[in-house]
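A.B. asks: How does the following fold in three dimensions:
(chains A and B)
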2 protein chains.
Amino acid sequence: MPEAKAVPLRAADEQAQLQRAVSRFKPEIEAELRRVLAEADAEPALRGFYGQMAYHLGWVDAELRPSPVVSGKLLRPALVLWSCALAAQSAGVDDATQQARHHQALPAAAAVELVHNFSLIHDDIEDRDRLRHGRPALWTIWGEAHAINTGDGMFSLARLALWESVARGFPAKQAVQLGKLLDHTCLRLCEGQFRDMAAEAGDDVTPADYLDMIARKTAALMRAATAIGGTIGAPEKPKIAATLADFGEALGIAFQMRDDLLGIWAASTELGKSHAGDLRRKKMTLPIIHALAHAPEADRARLRAIYRADREPDDDEIAFMLDLLDRTSRAWCREQLAAQCDAARKALDRVTHDLVNHKRLPLQTSEHGENAAEALGALVAYIALATQG
Amino acid sequence: MPEAKAVPLRAADEQAQLQRAVSRFKPEIEAELRRVLAEADAEPALRGFYGQMAYHLGWVDAELRPSPVVSGKLLRPALVLWSCALAAQSAGVDDATQQARHHQALPAAAAVELVHNFSLIHDDIEDRDRLRHGRPALWTIWGEAHAINTGDGMFSLARLALWESVARGFPAKQAVQLGKLLDHTCLRLCEGQFRDMAAEAGDDVTPADYLDMIARKTAALMRAATAIGGTIGAPEKPKIAATLADFGEALGIAFQMRDDLLGIWAASTELGKSHAGDLRRKKMTLPIIHALAHAPEADRARLRAIYRADREPDDDEIAFMLDLLDRTSRAWCREQLAAQCDAARKALDRVTHDLVNHKRLPLQTSEHGENAAEALGALVAYIALATQG
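C.D. replies: You can find the predicted model right below:
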């Protein structure tokens, strides 16, 4: 079997900058998530219910004993808070107002993270995935019935969290808009999951179908994160939030495309991805879907047969697929990813340019000691690394 | 086996009055539900997703062909609309304002019905119930994965529906309160389902535990229905909505208690209930839980053994249980039900008395040709029939 060319990630500076950007708000976000759960979790008889949520969020073990925290990256709530900071800066409000809006954005950030996690709890049941963040998925411990119900509870709690922004002074009129946006986003997540499950059952998925699916399943919530953050950061300037929404959507699609590229061409040590892992598991990702639509007919027939067979592909078949995808899909997928990164960068530029008195915003260091535009830019740069190599 | 004494339902006038009360708004509610779904269901690729919702709501068959409508009673949305009408009358607003508020309440009524139905879709999976309204449950046709996801979609759609009230002029500030109330209610539903599932797994359920469980699982949504209707009907007088909330909660608990009584003492022809049906299925309902806590020790031991056995009870065991429950639980359960009906009636009286200029409201016929207080009173009277016989 030929060696796959690994995507050379971890250009050390990009990696470090991203790490700083994403981890900046982590303690605040975790504290906010714990506050939301603690407020609801008031009765001993319901300990098991909220305990399941705490388990899924990585705070306790399966016996509900406190354990070393195994949380996700908290990328989506970080997007809410960075977008809030950037929007407030772009709107030119003073430091005290920025700080007040950051405080209002925290419950919204928790809401977005809880929506993400509710959908993971249910997706794991639906997809029969037994592992989540390296630990047994909730349903494998408490059973499907509880996992469905606990997911529903987390979904309810997510939206309940949002209203705390109003208690912290965010205007009701815009809060209704945010509620509507979040609800609409949740519907889009379900639509995306439906299309994903329907695609697995059938064969005729086109690249356009797939892009529509990931726009709903992955990009919609990132779009919501940046739109919500932008709205709370600058409720008086809805154009900023609209532009940040475009940024979030492009970022979300790029994020999934990067995942799809690494699912085939990552070295085995990269980020939990194994070399050709998506091919071994016969996942329907962008490179495969593109090849099924555009490779020479004989290759498509063989690829289709491998994917339809009732067993894992063998080494020869993996080698054939890697070679085929190298020839037909890799460059195209990278172009698609580059285009999304470009769209994200342009949206970010529109927020930082020309918004305050048509002048470039100074790349000022906020009181947090970091610049929101730089943090969001670092995220795009990191994702764009997967276009190289 | 001794004949069970059937509860003599259908005192003809109560039945007819209730029928009128509940069916009054049915066409409007159905039209509103169809509007909500039609607005979301805009893409051919998502036809299967929204088609599952339409199937569950009883509008199409499993092949998504239009079918004779098999909808539920639409009791909860009717509660929203009657509560809205009563609150508006109690607040003394003019006919045009009443009509405008009714129009604002329609999407909220749809929201409550969709929350109810989302929870039925998920409960059916969790409880392995294969039938819903006499038709195959959604999960038995499309599988669990789709049923979980479609339920989540309906949950999202429910809350999205609520915001249409704002588009129809309901103030954003109170809409945020309604959003919060609905979200909190959904969390209570999940908590109730958790307690229900936890109770099935254990033995030591006390009557107090059980009442706490049904307060969450059944009464919370009825409470929300009357509170939401009351708030939209009289946003300027929050006391009316608060009293209607008390009414809805008592009604909801009474509703479940009646169900529990009929599950054991209904004649087989009553409302889909079969004589001693809950005993045959070994359901943990109020009469059983009361007997397990209060019957003589020997009887409790036998009852516990029958419920723990790995088979259906035989005729002798059914006869033993019926006799035991007659002796120990029936009168007590009826008293509990009577007390809840009484609480509901008193709350209703508080809304109709003394609210406008401290005078009794005239039992005026509204432009709908029916009186909201009478309709809600008829509902209580109907439920209270189960205390007799």
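A.B. asks: Do a quick rundown of the helices in the stretch 51-200 of chain A.
C.D. replies: Counting by DSSP state H, counting those that start in this stretch, the stretch 51-200 of chain A has helices at residues A:75-90, A:95-127, A:138-162, A:164-167, A:172-201.
A.B. asks: What's the local residue count around the closest residue to A:L279 other than its chain neighbours?
C.D. replies: Setting aside the residues directly before and after it, A:L279 is nearest to A:M321 in space (C-beta to C-beta, 6 or more residues apart in numbering or on different chains), at 5.2 Å. No exception for glycine: its C-beta is placed from N, CA and C like everyone else's. Number of residues near A:M321 (other C-beta atoms under 10 Å in any protein chain shown) recorded here: 25.
A.B. asks: show me what contacts A:M321?
C.D. replies: For A:M321, the contact set (C-beta atoms under 8 Å, 6 or more residues apart in numbering or on different chains) comprises A:276, A:279, A:288, A:303, A:306, A:313.
A.B. asks: For the first one, the count of nearby residues, please.
C.D. replies: What it means is A:A276. A count of nearby residues for A:A276, using other C-beta under 10 Å, gives 22.
A.B. asks: That one and A:R302, how far apart?
C.D. replies: 16 Å (C-beta to C-beta, to the nearest Å).
A.B. asks: What strand or helix carries the closest residue to chain B within the stretch 251-389 of chain A?
C.D. replies: Nearest to chain B in the stretch 251-389 of chain A, going by C-beta to the nearest C-beta, is A:I289, at a distance of 14.9 Å. Using DSSP states H and E, the element containing A:I289 is helix A:286-294.
A.B. asks: Show me how far that helix is from its chain's centre.
C.D. replies: In terms of C-alpha atoms, centre = their mean, to the nearest Å, the gap separating the centre of helix A:286-294 from the centre of its chain is 23 Å.
A.B. asks: Determine the angle, from 0 to 180 degrees, between that helix and helix A:172-201.
C.D. replies: 60 degrees (axes from the mean of the first three to the mean of the last three C-alpha atoms, to 10 degrees).
A.B. asks: In the helix or strand just after helix A:286-294, which of the residues would be classed as buried?
C.D. replies: Once the chain leaves helix A:286-294, the next helix or strand it forms, by DSSP H and E, is helix A:297-308. Using 16 or more other C-beta atoms under 10 Å in any protein chain shown as the test for burial, helix A:297-308 gives A:299-300, A:303, A:306-307.
A.B. asks: now do stretch A:281-297
C.D. replies: Buried residues in stretch A:281-297 (16+ other C-beta under 10 Å): A:282, A:284-293, A:295.
A.B. asks: repeat for stretch A:118-130
C.D. replies: Of the residues in stretch A:118-130, A:118-126 count as buried by neighbour count, 16+ other C-beta under 10 Å.
A.B. asks: Kindly reformat these as JSON lines and extend each row with pLDDT.
C.D. replies: JSON lines is the format used below for those (pLDDT from 0 to 100):
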{"residue": "A:F118", "pLDDT": "98"}
{"residue": "A:S119", "pLDDT": "97"}
{"residue": "A:L120", "pLDDT": "97"}
{"residue": "A:I121", "pLDDT": "98"}
{"residue": "A:H122", "pLDDT": "98"}
{"residue": "A:D123", "pLDDT": "96"}
{"residue": "A:D124", "pLDDT": "96"}
{"residue": "A:I125", "pLDDT": "97"}
{"residue": "A:E126", "pLDDT": "96"}
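A.B. asks: next helix or strand past the worst-scoring helix or strand of chain A on mean pLDDT?
C.D. replies: Least confident helix or strand, chain A: helix A:12-23 with a mean of 76, by mean pLDDT, DSSP states H and E. Sequence-wise, the next helix or strand downstream of helix A:12-23 (DSSP H and E) is helix A:26-40.
A.B. asks: contacts for that next one?
C.D. replies: Residues from elsewhere that reach helix A:26-40 (C-beta under 8 Å, 6+ apart): A:50, A:53-54, A:57, A:59, A:69, A:71, A:74, A:77-78, A:81, A:106-107, A:109-110, A:113-114, A:157, A:160-161, A:164, B:187.
A.B. asks: mind redoing it with 6 Å?
C.D. replies: With C-beta atoms under 6 Å, 6 or more residues apart in numbering or on different chains as the test, helix A:26-40 has contacts from A:50, A:74, A:77, A:106, A:109-110, A:157, A:161.
A.B. asks: which one of the residues you listed has the most neighbours?
C.D. replies: The residue in these with the most neighbours, by other C-beta under 10 Å, is A:A109 (31 neighbours).
A.B. asks: so what pLDDT did it get?
C.D. replies: On pLDDT, A:A109 comes in at 98.
A.B. asks: Nearest residue to it in space, please, no chain neighbours.
C.D. replies: Nearest in space to A:A109, with sequence neighbours left out and distances taken as C-beta to C-beta, 6+ apart, is A:P77 at 3.5 Å.
A.B. asks: tally of neighbours for the closest residue to A:I228 other than its chain neighbours?
C.D. replies: What sits nearest to A:I228 in space, not counting adjacent residues and going by C-beta to C-beta, 6+ apart, is A:A108, at 5.1 Å. Residues contacting A:A108 under the criterion other C-beta under 10 Å number 30.
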